[in-house]
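**Q** sequence unknown, structure follows:
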């Protein structure tokens, strides 16, 4: 059993490569729902109908990238596809922050609609867009 807010320990986690960052630059990467909802709301309000919709990736692409030898993290690159649409390119990185360019690189996200958040509201907060 894991306490709320605590991260579970994964089998073999001690042996996994860890990203090395300068002292004082460490990040947990977790944020509270309230902050996430406020950030996505500001983005939608700033861009209105021109705001890009959420991009969805399956777990498998992250698993494949992270399973590469020496992979300590995933870098996301904002990019434009051949049609000029905003997309994200995913690349594994070594513990030193170098891109792993001779392995699995991801893109081809699922778009919303048709695969959209269900508009679930938790305690008055939501990350969902109005569609």
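**A** Okay, I see it. Model, not experiment: these values are computed from the prediction.
**Q** per-domain residue ranges of the chain.
**A** 31-54+118-131, 56-111 (automatic domain parsing).
**Q** how about residue 73, what does it touch?
**A** By C-beta atoms under 8 Å, 6 or more residues apart in numbering, the contact list for residue 73 reads 19, 92, 93, 97. Where C-beta positions appear, they are placed from N, C-alpha and C, glycine not excepted.
**Q** what are the ranges of the strands in the chain?
**A** 55-56, 73-80, 86-93, 105-106, 110-111 (DSSP state E).
**Q** these: lowest mean pLDDT?
**A** Comparing the strands of the chain by mean pLDDT, the weakest confidence falls on strand 110-111, with a mean of 82.
**Q** what sits up against that strand?
**A** Residues contacting strand 110-111 (C-beta under 8 Å, 6+ apart): 53, 55, 56, 57, 58.
**Q** same thing but 10 Å
**A** Applying C-beta atoms under 10 Å, 6 or more residues apart in numbering, the set of residues contacting strand 110-111 from outside is 52, 53, 54, 55, 56, 57, 58, 85, 87, 116.
**Q** just give the nearest non-adjacent residue to the second one, would you?
**A** Going back to what we said before, that points to residue 53. Closest residue to residue 53 apart from its sequence neighbours, by C-beta to C-beta, 6 or more residues apart in numbering: residue 112 at 4.6 Å.
**Q** the closest residue to residue 88 other than its chain neighbours bridge partners, please.
**A** In this structure, residue 88 finds its nearest non-sequential neighbour in residue 76, 5.1 Å apart by C-beta to C-beta, 6+ apart. Counting by DSSP bridges, residue 76 is bridged to residue 90.
**Q** show me the contacts for residue 81.
**A** So residue 81 contacts 87, 89, 107, 108, 109 (C-beta under 10 Å, 6+ apart).
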